[in-house]
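Undergrad: Predicted model, plus sequence, below.
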Amino acid sequence: RWIKFEEKVEAGGERWSAPHVPALPLHSLFQLRTCLQKGTVLLGLDASSFKEIIDKVLSEEAELQPALRERLAALLLLQPQHWPTKSLLQLLAELGLSPCRGRKPNCPTRHPPAASSPGQSEPRTQLSKTPLKEQLRNRFKKKVPPGAEAAHVAVGEVEFLEKPFAAFIRLRRGVSLGSLAEVSLPSRFLFILLGPPKVKAYHEVGRAMATLLADEPFQRAARQAEHREDLIAGIEAFLDELIVLPPGKWDPSARIPPPSHLPSPRRRTAVDPLDQQPHGNGDTTAAGDRASPGHPGEELERTGRLFGGLLRDIRRKAPWYGSDFSDALHPQCLSAVLYIYLVTVTNAITFGGMLGDATANMQGVLESFLGTAFAGFIFCLFSGQPLTILSSTGPVLVFERLLFSFSQDHSLDYLEFRLWIGLWVAFFGVVLVATEASHLVRYFTRFTEEGFCALISLIFIYDSLKKMLSLADAFPINWQYRLDNVTSYSCTCNLRRPFNPILTCLTTLQCPPLPSIQHCGGPKVSTCEPSSLPTLSLQPPATPAGLSRTQCLDRGGHLLGTSCQYVPDVTLISFLLFGGTFLFCTALKRFRSSRYFPVGVRKLVSDFAVILAILASCAVDAVLGLETPKLLVPSELKPTNPARGWIVFPFGANPWWVCLLSAVPAVLVTILIFMDQQITAVILNRREYKLQKGAGFHLDLLCVSLLMVVTSVTGLPWYVSATVISLAHMESLRKESASSAPGEHPEFLGIREQRLTGLAVFILMGVSVFMAPVLKHIPMPVLYGVFLHMGVTALNSIQLMDRVRLLLMPAKHQPDLAYLRHVPLRRVHLFTIIQLLCLALLWVLKSTVAAIIFPVMV
């Protein structure tokens, strides 16, 4: 059977082989061409049943005797033997039974409707006009793409024919042919080849015909054919693309596995299969193989009118607004909400803590939580690209630190000064939207996009590792600890048998007339014995000083003390949770392409990979019971700094001219916000993501600008698109084809574009204050491991990393990348080195006070 690749029934007939690329003898294609030239060809036949088709085909053969026609009709109308895909339980239940019992050793690759003579097979019933229940229940139908049709190839040897009989039939419309097919599908094409036993090539000719019918260009030619010559032309076109493997240089019995990517049928006619362009270091370019930046087109064209781009964004997105909510009704969106929520919470705590340190708690963790929830919710509700996640960024943090220091040095009120800067930034942003400044985005190149994405990804990786290394300060590792020296850590060595504390120390006190007995560490007990007791003194056993653990055990002693088993384990287990979460996330994400379990289970595990990794790591932490650092969220709705309120007034604390002076730093912040926002928007709206609902560059910038007003008035942090978190959001919403042919990799269909996941994430952010008792059980190292996973995933998604690996590979081990065929290798390396040097410059720049201008440097 064929869908895209060939499958064969293995020996015994109980399982189908692995899908593989069909390897055809070249002579079989020539014989097939001869069959179509000399045999019966019926194009556009109007028939409703298989019996009607057979009658019309046989009536076209004038040379056939009536007796032969009846025998051929009886043979072709026999019920074919199918080999349905069986579950493991069915195979166990039928253990020892073989569907090929009593037949020839090698079962045919297709159901044999006329693949053997009646004398060689068991008696079979006539073909049913309606589908059998086995066909309707066949699980293989899940692998068939929607709208597919069946084509039937019947070949075999019969003893009563003296010369081959061949027929190719194309029906006018797809018709269900009863129980002929393995699954119930409409049929349009049929090919029949029967002949005397002396000819042995029928089987290979049938494989050649089936391979042609599984080829999309030949399908198109066969559907449009009006004459026999059109079919022959389709075969000739197939032969023009054929590549011959020389005999003796490969094993014909080997099955070639399906490739991971197939060229589209359209490109096959435009690209030479032999690739005549020079490989490796050739100077010839081919625009078709070059990776284009994939910028959106219509969204960035200027209209020449004030707010023209904004109005066009609104008109483009308005028809999709209802589907932005209905498209979110999928289990995959639930996993995306939980994943992005935990990431956003961790990010808000991290940046909130750093903002608190930089601004004397004028903005802290609580302000970060409330600002993220409010700004993110409004943005997802009204923006042009709701898949974008807003967050505080490094350059904004640097500006806040510089602004607070400037305000302290010049005795200015920080929040009021910041309010006027935010108002100016919002004004400048509206001006940029009105003048359609976002069209400048079309001049951003891959060099710029990759440099920006790589920098943000490296920041995530660096920050996660830095946070983990800082645990050694809170939970210091005792590097001088030695297991052999446990006796010096409040651990004693007892060389005698264990003491009974009641009998350890017994003394007779002289307190006539009644003596008393005192136990060590116990109360005095008076005795009523008239006779005096002799003095008895038992001292505790002596422990020689300086004995090590090994010496104590060698002398038969026992270790006594609470610190005898102490090891510095909090930092160690934190790093294990950190690394384990990262590896677990990576492994479960790749589980989608695993060979184990059904495809539905693999997809479900892959969609919930991050959530499963977090739950598993939290379970390990709970079982061990160690005091690892936990996620702590604010539990009270009050400003972090008691000296401030929730509303910032524009006048009163600073001189009047501050509102005018604020325009100068506002220009820098505007450039920062514009570049940060638009570069992220370009990355998210690339063509390779196959977004269907369009972008909204102008609308997104307007939303960010208006949110600057609200966050400045309330003293909340400023927000802009977060590149890595937004990419993680999109990756968690990838759509792939539900049904894929055996051997075919699932096709990437695009991103599940909707608003509900973002809205749910930021609603959960707002109520996180009330979920503190639950969230406090999540270890911070687990969330840092998720941060590392996000950074590494985003870094591996850019072409820069592929070119960096090329620097370390010998030429013979380099992968067959498209740009290596048409760009000299030395130029590829030069481009990569320049990009790495610029990335290093940006990293140095972001680590200094000049980090505010790094978007301009990008």
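TA: Good, I have the coordinates. Residues are numbered from 1 along each chain as shown.
Undergrad: ok, and the closest non-adjacent residue to Arg592?
TA: Ser606 (3.7 Å; C-beta to C-beta, 6 or more residues apart in numbering). All C-beta spots, glycine's among them, are computed from the backbone N, C-alpha and C.
Undergrad: Do I have it right that that neighbour meets Ala587?
TA: No: Ser606 lies out of contact with Ala587 (C-beta atoms under 8 Å); the separation is 10.2 Å.
Undergrad: Which one's more surrounded, those two?
TA: Ser606 (21 against 13; other C-beta atoms under 10 Å).
Undergrad: what does the helix or strand hosting that one rub up against?
TA: Ser606 belongs to helix 599-607 when assigned by DSSP states H and E. Identification of contacts with helix 599-607 by C-beta atoms under 8 Å, 6 or more residues apart in numbering yields 331-332, 335, 588-594, 596-597, 612, 732, 736, 746.
Undergrad: Which of those residues ranks first by neighbour count?
TA: For these, neighbours tallied by other C-beta under 10 Å; top is Ser732, 25 neighbours.
Undergrad: For it, list the residues it contacts.
TA: Applying C-beta under 8 Å, 6+ apart to Ser732 gives the contacts 332, 335-336, 339-340, 607, 610.
Undergrad: which residues in this structure form strands?
TA: Counting by DSSP state E, the segments of the chain that form strands are 40-45, 150-157, 165-176, 186-195, 390-391, 492-494, 506-509, 516-519, 524-526, 558-560, 720-721, 734-736, 748-751.
Undergrad: average pLDDT for the first one?
TA: Taken as a whole, strand 40-45 has a mean pLDDT of 89.
Undergrad: Start at 6, not 1
TA: Shifting the count to begin at 6 puts that one at strand 45-50.
Undergrad: Am I right that Asp220 is in contact with Leu244?
TA: No: assessed by C-beta under 8 Å, Asp220 is found out of contact with Leu244, at 11.6 Å.
Undergrad: which one of the two has more residues nearby?
TA: Neighbour totals were compared for Asp220 and Leu244, and Asp220 leads with 20 against 12 (other C-beta under 10 Å).
Undergrad: Excluding chain neighbours, what is closest to the more buried one?
TA: Per C-beta to C-beta, 6+ apart, closest to Asp220 is Phe243, 6.5 Å.
Undergrad: Relative to His32, how far out is that neighbour?
TA: Look at Phe243 and His32: by C-beta to C-beta, to the nearest Å, they are 15 Å apart.
Undergrad: neighbour count winner among these two?
TA: More crowded of Phe243 and His32, by other C-beta under 10 Å: Phe243, with 19 against 12.
Undergrad: Check what pLDDT the more buried one gets.
TA: We have a pLDDT of 90 for Phe243.
Undergrad: ok, now Thr114?
TA: 39.
Undergrad: can you check Arg692 too?
TA: Reading off the model, Arg692 has pLDDT 83.
Undergrad: How many residues are close by it?
TA: Quick note: Arg692 (other C-beta under 10 Å) scores 12 neighbours.
Undergrad: Kindly report the same for Cys338.
TA: The burial count for Cys338: 19, using other C-beta under 10 Å.
Undergrad: Could you check the pLDDT of the closest residue to Leu182 other than its chain neighbours?
TA: Distance criterion C-beta to C-beta, 6+ apart; nearest residue to Leu182, sequence neighbours excluded, is Phe55 at 4.5 Å. Looking at Phe55, its pLDDT reads 86.
Undergrad: cool, Pro283 as well?
TA: At Pro283, pLDDT is 39.
Undergrad: How about Trp484?
TA: Per-residue confidence (pLDDT) for Trp484: 70.
Undergrad: could you show me where the helices are in the stretch 406-555 of the chain, in order?
TA: 419-439, 451-479, 554-559 (DSSP state H, counting those that start in this stretch).
Undergrad: what about the second one, distance to the chain center?
TA: In this case it means helix 451-479. 20 Å (C-alpha atoms, centre = their mean, to the nearest Å).
Undergrad: So for it, mean pLDDT?
TA: Per-region confidence: helix 451-479 scores 81 on mean pLDDT.
Undergrad: Now do the buried residues in that helix.
TA: 451, 453-466, 468-469, 472-473, 476 (16 or more other C-beta atoms under 10 Å).
Undergrad: now swap in the last one and tell me
TA: Going by neighbour count (16+ other C-beta under 10 Å), the buried part of helix 554-559 is 554, 557.
Undergrad: What is it packed up against?
TA: In terms of contacts (3 or more C-beta pairs under 8 Å, 6 or more residues apart in numbering; DSSP states H and E), helix 554-559 is packed against strand 563-565.
Undergrad: Over to the first one?
TA: If contacts are counted by 3+ C-beta pairs under 8 Å, 6+ apart, helix 419-439 sits against helix 313-322, helix 399-414, helix 663-666, helix 668-689, helix 702-718.
Undergrad: Figure out how far that helix is from the centre of its chain.
TA: Using C-alpha atoms, centre = their mean, the offset of helix 419-439 from its chain centre is 38 Å.
Undergrad: pretty sure Phe449 contacts Thr685?
TA: No: between Phe449 and Thr685 there is no contact under C-beta under 8 Å: 11.0 Å.
Undergrad: wait, what's in contact with Val787?
TA: Going by C-beta under 8 Å, 6+ apart, Val787 touches 582-583, 586, 619, 622-623, 626.
Undergrad: how about 7 Å then?
TA: The contact partners of Val787, taken as C-beta atoms under 7 Å, 6 or more residues apart in numbering, are 582, 586, 619, 622-623.
Undergrad: what about Phe449 and Thr685, which has more around it?
TA: Using other C-beta under 10 Å, the more surrounded residue of Phe449 and Thr685 is Thr685, with 27 against 19.
Undergrad: Roughly how far does that one sit from Met785?
TA: As defined by C-beta to C-beta, Thr685 lies at a distance of 26 Å from Met785.
Undergrad: Phe170: how many residues sit nearby?
TA: Counted with other C-beta under 10 Å, Phe170 comes out at 22.
Undergrad: oh sorry, the question was meant for Gly327
TA: Gly327 has 9 neighbours, counted by other C-beta under 10 Å.
Undergrad: Averaging pLDDT per element, find the lowest-scoring helix or strand in the protein.
TA: strand 511-514 (a mean of 40; mean pLDDT, DSSP states H and E).
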